[in-house]
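Peer 1: take a look and give me a structure for this.
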Amino acid sequence: MTTAPERVDDGPAEPADANPRRWNRLRAYGRRANPVGLAVALVFFTWSISPSLLPRAWYLQGVATGISVAAGYGVGCLAAWVIRSCGVRPEWSARTRRIGWWVLAAAAVVVVPVFLVLGAVWQNYVRDLVGIEHSNEANVLLVFLIAAVVWFVLLEAARGIRVGTRKLSDLARRVIPRPAANVAGLLVVAVIAVLIVNGALYNGLIAFANWSFSGADTATAPGVVQPTVPERSGSPASAQAWDTLGQEGRTFVGRGPGAAEITAVTGRPAKEPIRVYAGRESADSVASVANLVVAELDRTKAWERKVLAVNTTTGRGWVNQNVASSLEYIEAGDTAIASMQYSFLPSPLAFIADRESPQIAGRALFNAVFSRWIDLPVETRPKLVVFGESLGSYGGQNAFAGFQDMAARVDGGLWVGTPNFTPQWQEVTAARDPGSPEILPVVGDGASVRFASDPEDLDLGTPWKPRRIVYWQHASDPIVWWSPSLLFHEPDWLKEPRGRDVDPNMTWMPFVTFWQVTLDMVFSADVPDGHGHSYGPEAAGMWARVLQPEGWSEAETARVQAALTGEGGAP
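Peer 2: Numbering: from 1, shown residues only. Alright, predicted model coming up:
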């Protein structure tokens, strides 16, 4: 370590170049790079290639890697700044700096291609776990290019923000005195904070987004036609017009088994299942929409059925046909399912931007149904069950104070692919018995609440009370395991043995795992049933264990599952 000379090289020696001006620009840009940031970025690059919950398309891998490299570079720059702020300012000779740059370059030349190839191998192994075809390993070149572009864009954006902030500060000081400029800055921050805290800005953006997407809700899915039986909303006998149900509502009431189909599959005499639904545009408020659903239950005499199910939908009103139809098959059509639309936002956007509406809807619909159901004679009223998937699970559970309240107020429940931020899910998961894993907790020996990836997981061999609540979740479902805490905290599910369809080599890494799981969510439903966020015909086995229909057999469950194949679909 020596005193710094007047002129210091930040990179390798400059070679001859036919275009010295272009080389000088490139070299000048390189001088701006922080070597500590680059070193940490290289480490984050290797981490980003490692396997996560689901196989990633090459372009998503490129985005994940680019974000991770940018995060690593930022961490390295921050660490260097902290060290300098503490008064530690080592001054290296030009020769030492040059050697350091060459070592870093050599490490990158070796590490980058090696880990790109390893990443392709790991991705194909994950594809084997979930049962999809291998990808072309040559795509690693595209991964590298996309990662480089993403990193460059993020780096330049950060530098642009820094430069813009400095220029605005300089400009303000030219117009008004420094104290006044500081006060003005505080006022701007305070106004923005108030808008965010009181919800004015948030509510305005959500309202605008709902208005924007409402125009896209007029289409009808291929093969879906208006029902003619009076047991369905949207039929000629219904007060809810077909064109007010929304696209997902029309799909819900326009599909599903009829009495004849149920009998053909189960061999049991069946009734025509009741499906009632109201669209968001049917009333001015979510509570009013819920009241319209109850009116449809009155019209169809749903209170006289054996089982009454309350379903909270996702986003624009989607219902998993596998879950709904399984219930109808198992109970021989002696069922009524009540559901409604509460938003025009697509599920991915609602997942990110609007977590309030599902809770309002879940509480409003259940309370509207429950207040009527609780007044019925105990000996004649139907079993009351609840279900929902993803945001529907999150919103539906908001009607209850916790899992014990759930088990006390309903006869059964099936919560599917519950998001990690659901308070009731967090409560029951945290209360799991010592030694039981986070991916399949056991709570109170499974007396009321049980978790399952497959129906067989529910068979714990311990007593299960008649009122049964099931959380259906896959170990590879990023919707269940995504959480902002992944940025800095290793979750239990990555400390414990991995699930059957999760690569045992998956490990937690700060920043990187968060972005990996975030991008896993993009196509989390585009995998075969039984993996990721794709919940299919296994719903029949779940409902059979929750409802315990008299004389029901595993052979009948298998026939229902066979009939359901291909009926479901992603939200």
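Peer 1: show me where the stretch 201-350 of the chain has its strands.
Peer 2: Using DSSP state E, counting those that start in this stretch, the strands of the stretch 201-350 of the chain run over residues 274-278, 307-312, 335-340.
Peer 1: got JSON lines for those strands, with mean pLDDT, distance to Q321 and mean neighbour count too?
Peer 2: For glycine as for every other residue, the C-beta is placed from the backbone atoms N, C-alpha and C. Listed next are the strands of the stretch 201-350 of the chain as JSON lines, based on pLDDT from 0 to 100; distance: least, C-beta to C-beta, whole Å; neighbours: other C-beta atoms under 10 Å:
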{"stretch": "strand 274-278", "mean pLDDT": "98", "distance to Q321": "11", "mean neighbour count": "30"}
{"stretch": "strand 307-312", "mean pLDDT": "98", "distance to Q321": "11", "mean neighbour count": "28"}
{"stretch": "strand 335-340", "mean pLDDT": "98", "distance to Q321": "11", "mean neighbour count": "28"}
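Peer 1: closest to P466 out of the ones you listed?
Peer 2: strand 307-312 (13.6 Å; C-beta to C-beta).
Peer 1: what angle do the closest one and strand 335-340 make?
Peer 2: Counting by axes from the mean of the first three to the mean of the last three C-alpha atoms, to 10 degrees, strand 307-312 lies at 20 degrees to strand 335-340.
Peer 1: give the other helices and strands that strand 307-312 contacts.
Peer 2: Contacting strand 307-312 under the criterion 3 or more C-beta pairs under 8 Å, 6 or more residues apart in numbering; DSSP states H and E are the following elements: helix 321-330, strand 335-340, helix 356-373, strand 383-389, helix 391-396.
Peer 1: tell me the centre residue of this structure?
Peer 2: Among the residues of the chain, I479 comes closest to the average C-alpha position under C-alpha atoms, centre = their mean, at 3.3 Å.
Peer 1: surely A539 touches A563?
Peer 2: No: with contact defined as C-beta atoms under 8 Å, A539 does not reach A563; the gap is 11.9 Å.
Peer 1: in terms of neighbours, single out the busier of the two.
Peer 2: Using other C-beta atoms under 10 Å, the more surrounded residue of A539 and A563 is A539, with 30 against 20.
Peer 1: which one is T228 nearest to, not counting chain neighbours?
Peer 2: Counting by C-beta to C-beta, 6 or more residues apart in numbering, S235 is the residue found nearest to T228 once chain neighbours are left out, at 5.9 Å.
Peer 1: look up the closest residue to the residue nearest to the centre of the chain, ignoring the ones flanking it.
Peer 2: H533 (4.9 Å).
Peer 1: any idea how far that neighbour is from T96?
Peer 2: 52 Å (C-beta to C-beta, to the nearest Å).
Peer 1: settle it for me: which of these two has more neighbours?
Peer 2: In this view H533 and T96 are compared by other C-beta under 10 Å, and H533 has more residues nearby, 25 against 13.
Peer 1: so where's this protein uncertain?
Peer 2: By pLDDT under 70, the low-scoring segments of the chain are 1-32, 161-217, 344, 346-353, 566-571.
Peer 1: apply 80 and report the result again.
Peer 2: Residues of the chain meeting the criterion pLDDT under 80: 1-33, 84-85, 87-92, 136-138, 158-218, 315, 344-354, 566-571.
Peer 1: correct me, but A79 touches V43?
Peer 2: No: A79 is not in contact with V43 according to C-beta under 8 Å; the separation is 11.9 Å.
Peer 1: for the two, indicate the residue with more neighbours.
Peer 2: Looking at A79 and V43 with other C-beta under 10 Å, you find the greater number of neighbours at V43, namely 17 against 14.
Peer 1: excluding covalently adjacent residues, which one is nearest to that one?
Peer 2: The shortest distance from V43 to any residue that is not its chain neighbour, by C-beta to C-beta, 6+ apart, is 6.1 Å, and that residue is G72.
Peer 1: SS state for that neighbour?
Peer 2: G72 falls in the helix class when you classify it by DSSP: H, G, I helix; E, B strand; the rest coil.
Peer 1: quick check, it in contact with L42.
Peer 2: Yes: with the criterion set as C-beta under 8 Å, G72 and L42 qualify as a contacting pair; they are 7.4 Å apart.
Peer 1: more neighbours, these two?
Peer 2: G72 (26 against 19).
Peer 1: check the gap between the more buried one and S48 for me.
Peer 2: G72 sits 9 Å away from S48, taking C-beta to C-beta as the criterion.
Peer 1: anything in contact with each of the two?
Peer 2: Both G72 and S48 lack any common contact, where contact means C-beta atoms under 8 Å, 6 or more residues apart in numbering.
Peer 1: buried sites along stretch 225-243?
Peer 2: For stretch 225-243, the buried set under the neighbour-count rule, 16 or more other C-beta atoms under 10 Å, comprises 226-227, 229, 231-235, 238, 240, 242.
Peer 1: could I have the CA atoms of it written out in PDB?
Peer 2: Below are the C-alpha coordinates for stretch 225-243, written out as PDB (Å, rounded to 0.1, in the frame of the first residue of the first chain):
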ATOM      1  CA  VAL A 225     -73.400 -20.200 -23.600                       C
ATOM      2  CA  GLN A 226     -76.200 -18.700 -21.500                       C
ATOM      3  CA  PRO A 227     -77.800 -21.300 -19.200                       C
ATOM      4  CA  THR A 228     -81.500 -22.100 -19.600                       C
ATOM      5  CA  VAL A 229     -82.100 -23.900 -16.300                       C
ATOM      6  CA  PRO A 230     -83.600 -21.700 -13.600                       C
ATOM      7  CA  GLU A 231     -81.000 -23.000 -11.100                       C
ATOM      8  CA  ARG A 232     -78.400 -20.700 -12.700                       C
ATOM      9  CA  SER A 233     -78.000 -17.000 -12.500                       C
ATOM     10  CA  GLY A 234     -78.000 -15.400 -16.000                       C
ATOM     11  CA  SER A 235     -80.800 -17.700 -17.100                       C
ATOM     12  CA  PRO A 236     -84.100 -16.400 -18.400                       C
ATOM     13  CA  ALA A 237     -85.600 -17.100 -14.900                       C
ATOM     14  CA  SER A 238     -82.900 -15.100 -13.100                       C
ATOM     15  CA  ALA A 239     -83.000 -11.500 -12.000                       C
ATOM     16  CA  GLN A 240     -79.300 -11.200 -12.900                       C
ATOM     17  CA  ALA A 241     -79.000 -10.500 -16.600                       C
ATOM     18  CA  TRP A 242     -76.500 -12.600 -18.500                       C
ATOM     19  CA  ASP A 243     -74.600  -9.500 -19.800                       C
END
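Peer 1: distance between the ends of stretch 274-289?
Peer 2: Taking C-alpha to C-alpha, to the nearest Å as the measure, stretch 274-289 stretches 18 Å from start to finish.
Peer 1: ok, the residue nearest to V43 - contacts?
Peer 2: 37, 40-45, 511.
Peer 1: distance between stretch 508-519 and the chain's centre?
Peer 2: Averaging C-alpha coordinates over stretch 508-519 and over its chain gives two centres that are 14 Å apart (C-alpha atoms, centre = their mean, to the nearest Å).
Peer 1: element containing the nearest residue to E496 once chain neighbours are set aside, please.
Peer 2: Closest residue to E496 apart from its sequence neighbours, by C-beta to C-beta, 6+ apart: P437 at 4.7 Å. Secondary structure here is read from DSSP states H and E; on that basis P437 sits in neither a helix nor a strand.
Peer 1: tell me the spacing between P437 and S52.
Peer 2: Counting by C-beta to C-beta, the gap between P437 and S52 amounts to 18 Å.
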